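Undergrad: Structure for this input, please:
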Amino acid sequence: MIDIAVFDEHNLIVKGMAGLLSGVPDFNVIFSTNSRTVLTDKLKKIKINILVLNFYEITVREFNLMAQIEINNPHMRILVMSVVDNEETVIRTIKAGAKGFLGKNSTPADLTEAIYTLRNGYDYFSKSLTHMVLNRYISGLNRKDAGQNAEVNRLSARQLEILKLMGESLSNQEIADRLFISVRTVETHKNHIMQKLNLKNTVDMIKFAIKNNIINI
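TA: Numbering: from 1, shown residues only. Below is the predicted model:
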C-alpha cells in the first residue's frame with residue numbers, strides 16, 4: 001500500500017481528491033486537510049510515502065512550506081499540483097523539494113501515474129511541463145553528431161528505444177505497452193540511463209537525447 005496525505009485549502013476540493021485517491025486499490029489516504037497547521041503537525045507524528053499539495057498560487061509562503069516539509073520528512077516525496085505552471089515556478093518548486101509536478105492540463109490518470117512513479121523512487125512531471133522547461137534549451141541548442149559522442153555508446157539498444165519513445169511524449173505505461181514490458185521495467189531502464197550518464201531527472205534525459213539526435217525536434 002502507498003500511504004498518502006492530501007492538502008488543499010478548499011475543504012470541498014480536498015475531500016474530493018481524497019475520495020478519488022481512496023478509490024485506487026493500492027492507495028491508502030492516511031489523512032487529508034485544508035489547514036497548513038494541521039498538515040505540519042500531523043506530518044511530525046505520521047509517516048507517509050507521498051504528500052499531494054494542491055496550490056492555487058505559489059509564492060514564497062508555499063516554497064517555504066515545501067522546503068520545511070522536505071527537511072523534516074526526507075523519506076517522503078512531495079507531489080505538487082497547481083494551475084500556476086510556468087517554467088520559473090516549476091523549477092523553483094523542484095528546488096524547494098518537490099519530486100513531481102502536475103500542471104493545469106493534468107488528468108486523474110496522470111495523478112495516479114505520478115503517485116506510482118514517485119513511490120518507485122522516480123521524479124514525475126506532466127508531459128506539457130517537460131516540454132515547456134525544454135523550450136529555452138532547444139531554441140539555442142547546437143546539435144552534435146551522436147556518433148561522435150561516446151556517452152551514447154554506453155546505452156543499450158533498449159535504453160535508446162526508451163529515450164526515443166520519451167521524445168514522443170509517451171507515458172511510462174504507453175512505453176511499456178509499446179515495448180511489451182512492465183512499467184517497472186521502463187522505470188528501471190530510465191534509472192539506469194540516469195546512472196550511466198550522471199543525469200538527475202526526465203528533463204535531463206530528454207535534453208541529452210535532443211543534443212545527440214536521438215530525438216528529432
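
Undergrad: In the protein, what residue spans correspond to strands?
TA: Ranges of strands in the chain, per DSSP state E, are 2-8, 27-33, 50-55, 77-82, 98-102, 124-125.

Undergrad: Any chance of a markdown table for those, columns mean neighbour count, mean pLDDT and distance to residue 167?
TA: C-beta here means a position set from N, CA and C on the backbone, and glycine is covered the same way. Below are the strands of the chain laid out as a markdown table (neighbours: other C-beta atoms under 10 Å; pLDDT from 0 to 100; distance: least, C-beta to C-beta, whole Å):
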| stretch | mean neighbour count | mean pLDDT | distance to residue 167 |
| --- | --- | --- | --- |
| strand 2-8 | 22 | 96 | 29 |
| strand 27-33 | 18 | 96 | 30 |
| strand 50-55 | 22 | 96 | 28 |
| strand 77-82 | 24 | 94 | 24 |
| strand 98-102 | 24 | 90 | 20 |
| strand 124-125 | 24 | 85 | 15 |
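
Undergrad: how much space between the residue nearest in space to the middle of the chain and residue 52?
TA: By C-alpha atoms, centre = their mean, the chain has its centre lying nearest to residue 124, at 1.4 Å. To residue 52, residue 124 is 12 Å away according to C-beta to C-beta, to the nearest Å.

Undergrad: From residue 171, how far off is residue 107?
TA: Between residue 107 and residue 171 the computed distance is 11 Å (C-beta to C-beta).

Undergrad: Which residue of the two possesses the greater neighbour count?
TA: residue 171 (19 against 10; other C-beta atoms under 10 Å).

Undergrad: quick one, what contacts that one?
TA: For residue 171, the contact set (C-beta atoms under 8 Å, 6 or more residues apart in numbering) comprises 113, 127.

Undergrad: Please state the backbone phi and psi of it?
TA: Here is the backbone geometry of residue 171 (degrees, to the nearest 10): phi -80, psi 170.

Undergrad: So which residues of this protein form helices?
TA: 11-22, 36-45, 60-72, 87-95, 108-119, 127-139, 157-166, 172-179, 183-197, 202-211 (DSSP state H).

Undergrad: how about these in JSON lines, adding mean pLDDT, mean neighbour count and distance to residue 28?
TA: Below are these laid out as JSON lines (pLDDT from 0 to 100; neighbours: other C-beta atoms under 10 Å; distance: least, C-beta to C-beta, whole Å):
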{"stretch": "helix 11-22", "mean pLDDT": "94", "mean neighbour count": "16", "distance to residue 28": "8"}
{"stretch": "helix 36-45", "mean pLDDT": "94", "mean neighbour count": "13", "distance to residue 28": "15"}
{"stretch": "helix 60-72", "mean pLDDT": "90", "mean neighbour count": "15", "distance to residue 28": "19"}
{"stretch": "helix 87-95", "mean pLDDT": "83", "mean neighbour count": "17", "distance to residue 28": "25"}
{"stretch": "helix 108-119", "mean pLDDT": "92", "mean neighbour count": "19", "distance to residue 28": "11"}
{"stretch": "helix 127-139", "mean pLDDT": "59", "mean neighbour count": "15", "distance to residue 28": "27"}
{"stretch": "helix 157-166", "mean pLDDT": "87", "mean neighbour count": "18", "distance to residue 28": "30"}
{"stretch": "helix 172-179", "mean pLDDT": "90", "mean neighbour count": "17", "distance to residue 28": "22"}
{"stretch": "helix 183-197", "mean pLDDT": "91", "mean neighbour count": "17", "distance to residue 28": "20"}
{"stretch": "helix 202-211", "mean pLDDT": "83", "mean neighbour count": "20", "distance to residue 28": "27"}
